[in-house]
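Chemist: sequence unavailable; structure follows:
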């Protein structure tokens, strides 16, 4: 994974799609580590041996700063699931997705959902893609209703 200062960016300085996916994978890895070690995500981010991609750092820092609000929203929409019972990967993909839906209006809603679903399919259980898709779609209907009306 290329997290060096020379990572590919658009003319506006934003990571390109491929590096955004890599940044989400790195963010997922760091959040997974924080969750399993039961430490704040900011601690894991601070201990990371190199400067992570700025988008990955924003995702981890944003989840850390807004985790209470994010987890409350996930709990509200998780039918028959407690957040603690969710697979660690799913829980942290939902946290990343909800953070993006709430705090990153520059990231289109379909991109937030499809990227989280792709990572769930790649790194979690057989049912995780559908679960993450359903959860984020329902949450997006509430927090970004105009984005889904198009």
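Modeler: On my side now, so go ahead. Just so it is clear, the model here is predicted, and its values are computed rather than measured.
Chemist: rest of the way, CA atoms for contacts and neighbours
Modeler: Noted.
Chemist: max-length helix in this protein?
Modeler: Ranked by number of residues, the top helix in the chain under DSSP state H is helix 54-77.
Chemist: immediately after that one, which helix or strand?
Modeler: helix 88-103 (DSSP states H and E).
Chemist: buried residues, that following helix. List them.
Modeler: 88-101 (16 or more other CA atoms under 10 Å).
Chemist: out of these, who's nearest residue 52?
Modeler: Lowest distance from residue 52 to the buried residues of helix 88-103 (CA to CA) belongs to residue 96, with 15.9 Å.
Chemist: surely that closest one touches residue 59?
Modeler: Yes. Assessed by CA atoms under 8 Å, residue 96 is found in contact with residue 59 at 6.4 Å.
Chemist: circling back: average pLDDT for the longest helix of the chain?
Modeler: The average pLDDT within helix 54-77 is 97.
Chemist: buried stuff in it?
Modeler: Buried residues in helix 54-77, counted by 16+ other CA under 10 Å: 55-64, 67, 70-71, 74.
Chemist: before we move on, what about stretch 117-130?
Modeler: 117, 118, 119, 120, 121, 124, 128, 129.
Chemist: how about stretch 106-119?
Modeler: Those would be 109, 112, 113, 114, 115, 116, 117, 118, 119, for stretch 106-119 by 16+ other CA under 10 Å.
Chemist: contacting residues around residue 75?
Modeler: For residue 75, the contact set (CA atoms under 8 Å, 6 or more residues apart in numbering) comprises 81, 82, 83.
Chemist: among the residues you listed, name the buried ones.
Modeler: Applying 16+ other CA under 10 Å to the contacts of residue 75, the neighbour count classes residue 83 as buried.
Chemist: format the buried residues of helix 54-77 as TSV; extra columns: distance to residue 48.
Modeler: Shown next, in TSV, are these (distance: CA to CA, whole Å):
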residue	distance to residue 48
55	15
56	12
57	10
58	14
59	14
60	12
61	13
62	16
63	16
64	15
67	20
70	24
71	24
74	27
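Chemist: which one among those gets closest to residue 39?
Modeler: Proximity of these to residue 39 (CA to CA) peaks at residue 64, which lies at 10.3 Å.
Chemist: quick check: the closest one touching residue 41?
Modeler: Yes. Here residue 64 reaches residue 41: they are 5.5 Å apart, a contact under CA under 8 Å.
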